[in-house]
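Participant: Next come a sequence and a model predicted from it.
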Amino acid sequence: MPFDVDIPNGWTPRIYQRKLWRYLEHGGKRAVAVWHRRAGKDDVCLHWTACSAMQRVGNYWHMLPEAKQARKAIWDAINPHSGLRRIDEAFPKAIRESYSDVEMRIKFVNGSSWQLVGSDNYNSLVGAPPVGLTFSEFALADPRAWDYLRPILAENGGWALFIFTPRGKNHGWKIFEVAKKNQNWFHEQLTVEQTQAIDLEIIAEERRSGMTEDEIQQEYYVSFDAAIKGAYYGVLMREAEESGRICKVPHDPRLKVHTAWDLGIGDSTAIWFVQVHSSECRVIDYYESFGNGLEHYTRMMKADHRSKYEYGDHILPHDAAVADLSTGRTRIQTLASLGISGRVLEREGQIDDGIAAGRSLLPRCWFDELRCAHGIEALKQYRCEYDEERKIFSNRPLHDWSSHGADAFRYLARGLPDDLIPHKRRDRYRSHDAGQETWMSV
């Protein structure tokens with residue numbers, strides 16, 4: 001296939017994009033492109049998908065971190081140079097059979113299809129699985145999406161492209177390191193100085209208008225060492241890593257295992273498992289799942305290695321004491337009937353109080369790097385909302401895949417004893433034992 005990419009769509013890859021294009025042309029299946037902002041990452045992948053879909057009939061997905069981002073970033077986005085929608089440039093009407101604006105899905109004349117999806121609901125996507133998958137902004141995506149979809153692509157011989165600018169040394173950095181060590185994978189890190197796609201005066205103007213040096217290094221010089229913008233626990237998690245507190249943390253059978261839950265309704269439920277010794281909080285395990293009832297979690301706690309845990313406190317958020325309108329029962333009552341006697345924290349006055357408690361607890365935490373891997377990534381990525389147009393941070397956290405683990409950690413920090421977290425605001429909680437309710441002080 002020549003560089004003119006005859007779909008027909010009149011598009012050819014830029015000079016610095018051709019190394020990736022050649023790799024894909026010659027049958028490459030796994031590629032990690034860590035390119036700077038506005039380097040045309042999505043455009044390359046959209047046009048490659050068009051070529052691939054015409055050659056192999058199948059389903060192709062373009063996955064953003066959240067499904068709601070897909071419409072603005074890709075589906076409705078217009079190329080400022082041509083005035084055309086990006087999807088119209090990549091998938092001209094001549095190759096389309098049908099088009100669904102609601103599903104953000106295009107079916108092609110040869111039977112292939114392409115759809116925009118989000119990593120936030122990867123395990124609930126219906127229909128035939130993809131044979132080609134682009135992870136756009138992978139560093140911000142739920143990393144479990146790749147774990148879930150990887151065996152599908154391995155089985156059907158499909159390809160996967162990971163495109164992003166860095167967000168610290170998170171799962172994006174890890175997959176880039178995987179690519180560097182595997183000769184069958186493509187990997188490339190491109191800065192503005194290498195591509196010359198953006199005039200350096202534009203970057204100088206960004207600095208003058210208030211863009212921080214960390215943001216400049218991250219967005220334009222693709223640095224994995226730059227701090228994550230607006231991260232609540234980023235510095236503290238980096239300190240934990242650098243001091244060796246993210247390591248192997250074995251279960252100590254002499255100590256009780258306490259849990260802290262974030263209960264999802266139509267969303268993920270996350271649970272931390274910790275043991276307290278002296279001033280240490282040993283975070284030995286983490287579990288998160290989506291779309292399951294409370295019975296699933298109680299079975300999980302009594303199975304495999306967790307069956308050896310001697311459980312202590314089960315710390316739950318305030319909404320565990322709210323009755324379900326359909327049953328009249330609260331979730332704390334349901335858990336009690338399943339053998340889990342928990343205690344419910346009072347509702348937070350301000351979410352900042354819980355985040356402050358989390359910051360106080362983190363320097364005392366040791367994390368098991370394997371069993372807590374997803375929870376660790378959640379704490380690294382947990383951040384406040386940022387208004388790109390106004391260039392200001394919100395006073396509330398961004399709700400994405402990282403929120404579940406971070407919320408559960410916040411409840412953990414509020415629910416653990418005061419002597420473990422100095423200066424922690426004293427909370428009250430309800431203790432429930434098979435339906436009996438008493439007021440106690442933590």
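Facilitator: Received it, and whenever you're ready, just let me know what you need. Computed from a prediction, not measured in an experiment: that's the story for all the values here. Numbers count the residues shown, from 1 in each chain.
Participant: and the chain, what are its domains?
Facilitator: Taking automatic domain parsing as the criterion, the chain consists of the domains 15-219, 238-441.
Participant: Out of these, flag the one nearest residue 231.
Facilitator: Across those, residue 231 has its closest neighbour in domain 238-441 (4.6 Å, C-beta to C-beta). (Each C-beta comes from the backbone N, C-alpha and C, glycine too.)
Participant: can you pull the contacts of the closest residue to residue 331 other than its chain neighbours?
Facilitator: Spatial nearest neighbour of residue 331, excluding adjacent residues (C-beta to C-beta, 6 or more residues apart in numbering): residue 320 at 4.7 Å. Neighbour list for residue 320: 261, 263, 330, 331, 332, 335, 342, 344 [criterion: C-beta atoms under 8 Å, 6 or more residues apart in numbering].
Participant: coming back round to it: which stretch in the domains of the chain is the model least sure about?
Facilitator: When the domains of the chain are ranked by mean pLDDT, domain 238-441 comes last with a mean of 85.
Participant: Would you confirm that residue 168 contacts residue 230?
Facilitator: No - the pair residue 168 / residue 230 is not scored as a contact, 11.9 Å apart, by C-beta atoms under 8 Å.
Participant: which of these two has more neighbours?
Facilitator: The residue with more neighbours, out of residue 168 and residue 230, is residue 168; 23 against 15, by other C-beta atoms under 10 Å.
Participant: The stretch 101-250 of the chain: strands as residue ranges?
Facilitator: 105-108, 113-118, 132-136, 159-164, 186-190, 246-247 (DSSP state E, counting those that start in this stretch).
Participant: Go through these and name the closest to residue 51.
Facilitator: If you check each of the strands of the stretch 101-250 of the chain against residue 51 by C-beta to C-beta, strand 132-136 wins as the nearest, at 10.1 Å.
Participant: So what pairs up with residue 188 in the strands?
Facilitator: residue 33 (DSSP bridges).
Participant: Report how many residues lie close to it.
Facilitator: 18.
Participant: and it, what does it touch?
Facilitator: 19, 20, 32, 33, 34, 35.
Participant: which of the strands of the stretch 101-250 of the chain sits most buried?
Facilitator: strand 132-136 (a mean of 26; mean count of other C-beta atoms under 10 Å).
Participant: Given it, what are its sheet partners and their directions?
Facilitator: Counting by DSSP bridges, strand 132-136 is paired with strand 59-64 (parallel), strand 159-164 (parallel).
Participant: If we go by neighbour counts, what in the helix or strand just after the first one is buried?
Facilitator: Per DSSP states H and E, strand 59-64 leads on to helix 67-70 as the next helix or strand towards the C-terminus. Of the residues in helix 67-70, those buried by neighbour count under the rule 16 or more other C-beta atoms under 10 Å are 67, 69, 70.
Participant: Quickly name whichever of these is closest to residue 242.
Facilitator: Closest to residue 242, out of all of the buried residues of helix 67-70 and judged by C-beta to C-beta, is residue 69, at 32.2 Å.
Participant: how much space between residue 162 and residue 70?
Facilitator: Taking C-beta to C-beta, to the nearest Å as the measure, residue 162 falls 17 Å from residue 70.
Participant: try residue 408
Facilitator: For residue 408 relative to residue 70 (C-beta to C-beta), the value is 27 Å.
Participant: nearest spatial neighbour of residue 198, skipping sequence neighbours?
Facilitator: residue 192 (4.9 Å).
Participant: Quick check, that neighbour in contact with residue 201.
Facilitator: No - applying C-beta under 8 Å as the test, residue 192 and residue 201 come out as separate, 11.3 Å apart.
Participant: Comparing the two, which residue is more hemmed in?
Facilitator: More neighbours surround residue 192 than the other of residue 192 and residue 201, with 22 against 8 (other C-beta under 10 Å).
Participant: residues contacting the more buried one?
Facilitator: Taking C-beta under 8 Å, 6+ apart, one finds 36, 198, 200, 203, 220, 221 in contact with residue 192.
Participant: want to throw the residues you listed into a markdown table with distance to residue 397?
Facilitator: Formatted as a markdown table, these follow (distance: C-beta to C-beta, whole Å):
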| residue | distance to residue 397 |
| --- | --- |
| 36 | 27 |
| 198 | 31 |
| 200 | 34 |
| 203 | 29 |
| 220 | 26 |
| 221 | 27 |
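Participant: what about stretch 272-282, distance to the chain center?
Facilitator: 26 Å (C-alpha atoms, centre = their mean, to the nearest Å).
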